[in-house]
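>>> Coordinates only, no sequence provided:
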C-alpha cells in the first residue's frame, strides 16, 4: 500500500514538473511593444497619433489589439489584430476637459489569440502585454510632486543630490526646497542643505542639484530627506539612503566550528566591503593558538571585492595537531585599494570537536526540533478537539 502511494506521489510531482516547464517556456516569450510608456500633460482638445511596433511575436500567431482604461473612449486603433511582428497606430483625441484630476491612463493591449477549436496550445495559454499612455490633469489649487535621489561616494568625495519637482496643480507656486541629513543609526539630524526658492508654473517641471562636502563626515550609512514647502500647504517629502565609504573591510562571519576527522578542513571567512570602489588582492592570514603558543597558520585564497560587495574567501588547513576544545584564531586581512595597501586584524574563538561529538550534536538538535514540532501539533490537536466539543 505504501509503495503504491509513493508511486502516486512520484507521478503527481513528475506531472507538476512537466506543467511547470511547459508554462515557463510559454510565458517566457520575448514579446515586447515599443514604446513601453508615454507621459504627457493634459491639453484641451489635444490630438496625436502614436506609432507602436511589436517585437518577438510568433510568426504564425494572430495577436488581437485592444484599448482599456480611463481614456479608452477617446482613443482609436488603426487595426484590430496583426500576425507576427508588425506595427499599429493609436490616435488619442482628448476632450475639452477631464473630470478626474491626476493621472489618467490609457491601456494599449496586445494579446495572443487562442484557437478555441484546438483547445489552444494544449491548455490554452496566451501571451499578453500592456503598455501605457499617461495623461496628467492638474489638481485644483496647489499640488507639487517631487522625486529625490542620492549616490554612494567615498569619504572626501563630493556627494550629488538630485531633486525633481513638478507642479501638478492648477495654480502657480513658489517652492522652498531643503535637504535634511540624518544618521542611519541614531536618526539624529546632522545637517540641513538649503536650495534657492523657485517659481513653478502649472505643469512645469524643474530638476535641481545640490552637492555636499563629505570630508567632515565619517564613513557609514545615512538617510537624506528632501522637503519642499510651497504655498502654505503640507510639504512634499521624499527620502533617499546613501553610503559614505572608506577603504575598510568588515569581517561579517567565519567558520566557528571545526570537525576533527583527520582530514583537511576548510575555513570560510565572509567579508563585506565598506568602500565605493573595487578592492584588489584581498586575502587573510589565519593563526591558530592556544593559551600558551601558536599551533598553526595558513593563508586563504586571494580575491577582489566590488563596491559594497559581500564575499566569502576560503583557506584550508590540517587538523591533526588539534584536540577537542576552543582555540583563538587571529584573522588578519590584507587588501589594496587605488594602490593603497591596508590590513586589519581580529581575534575570534573557534571550537574543535570530534566527529562522534558532532554527530551527537546533530542528533540532539534534530530531536529538539522534532519535540518542538510535535508539541505544536499536539497543541493544535487539543484546540481542535475543544472546538468540536463546543
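Arrived safely. If you're wondering where the values come from, they're calculated on a predicted model, not measured in any experiment. Residues are numbered from 1 along each chain as shown.

>>> How far does the top strand by length along the chain sit from its chain's centre?
Under DSSP state E, the strand in the chain containing the largest number of residues is strand 340-354. Here strand 340-354 shows a centroid-to-chain-centroid distance of 32 Å under the convention C-alpha atoms, centre = their mean, to the nearest Å.

>>> cool, and stretch 91-109?
With C-alpha atoms, centre = their mean, you get 32 Å for stretch 91-109.

>>> the strands in the stretch 101-250 of the chain, which residues?
For the stretch 101-250 of the chain, the strands defined by DSSP state E, counting those that start in this stretch cover 102-112, 128-137, 144-149, 153-154, 158-167, 173-183, 189-194, 198-200, 205-213, 220-230, 236-245, 249-254.

>>> which stretch among the ones you listed comes nearest residue 275?
Checking the strands of the stretch 101-250 of the chain against residue 275 by C-beta to C-beta gives strand 236-245 as the closest, at 4.3 Å. Quick note: C-beta positions are derived from backbone N, CA and C, even for glycine.

>>> Buried residues, the closest one. List them.
236, 238, 240, 242, 243, 244, 245 (16 or more other C-beta atoms under 10 Å).

>>> if I look at the residue positioned nearest the centre of the chain, how far off is residue 149?
Residue closest to the average C-alpha location in the chain (C-alpha atoms, centre = their mean): residue 241, at 13.9 Å. Note on residue 241: its distance to residue 149, by C-beta to C-beta, to the nearest Å, is 10 Å.

>>> Can you pull the poorly scored residue ranges out of the stretch 51-200 of the chain?
By pLDDT under 70, the low-scoring segments of the stretch 51-200 of the chain are 115-125.

>>> about what we covered before: my guess is the residue nearest to the centre of the chain contacts residue 184. True?
Yes: using C-beta atoms under 8 Å, residue 241 is in contact with residue 184, at 7.1 Å.

>>> Mind listing the shared neighbours of those two?
221, 222, 223 (C-beta atoms under 8 Å, 6 or more residues apart in numbering).

>>> Just the buried ones from the residues you listed?
222, 223.

>>> Which single one of the shared contacts of residue 241 and residue 184 is nearest to residue 204?
Relative to residue 204, the closest of the shared contacts of residue 241 and residue 184 is residue 223; by C-beta to C-beta it sits at 29.0 Å.

>>> Need the max-distance pair from the buried residues of strand 236-245.
The most widely separated members of the buried residues of strand 236-245 are 236 and 245, with 30.0 Å between them, by C-beta to C-beta.

>>> List the strands paired with the host helix or strand of residue 268, with their directions.
Here residue 268 sits within strand 264-273, counting by DSSP states H and E. According to DSSP bridges, strand 264-273 forms sheet pairs with strand 249-254 (antiparallel), strand 310-318 (antiparallel).

>>> buried residues in it?
Applying 16+ other C-beta under 10 Å to strand 264-273 flags 265, 267, 269, 271, 273 as buried.

>>> cool, and stretch 106-115?
Across stretch 106-115, burial judged by 16+ other C-beta under 10 Å covers 106, 107, 108, 109, 110, 111, 112.

>>> quick one: contacts for the third one?
With C-beta under 8 Å, 6+ apart as the criterion, the residues that contact residue 108 are 33, 52, 65, 67, 90, 130, 131, 132, 133.

>>> and the next element down the chain from the helix or strand that contains the second one?
When secondary structure is defined using DSSP H and E, the element that contains residue 52 is strand 47-55. Beyond strand 47-55 on the C-terminal side, the first helix or strand identified by DSSP H and E is strand 62-69.

>>> In terms of secondary structure, what does whichever helix or strand comes after that following strand contact?
Remark: after strand 62-69, the chain's next helix or strand is strand 75-77, criterion DSSP H and E. Applying 3 or more C-beta pairs under 8 Å, 6 or more residues apart in numbering; DSSP states H and E, one finds that strand 75-77 contacts strand 62-69, strand 86-93.

>>> so what secondary structure elements neighbour the longest strand of the chain?
Judged by 3+ C-beta pairs under 8 Å, 6+ apart, the packing partners of strand 340-354 are strand 249-254, strand 257-260, strand 325-337.
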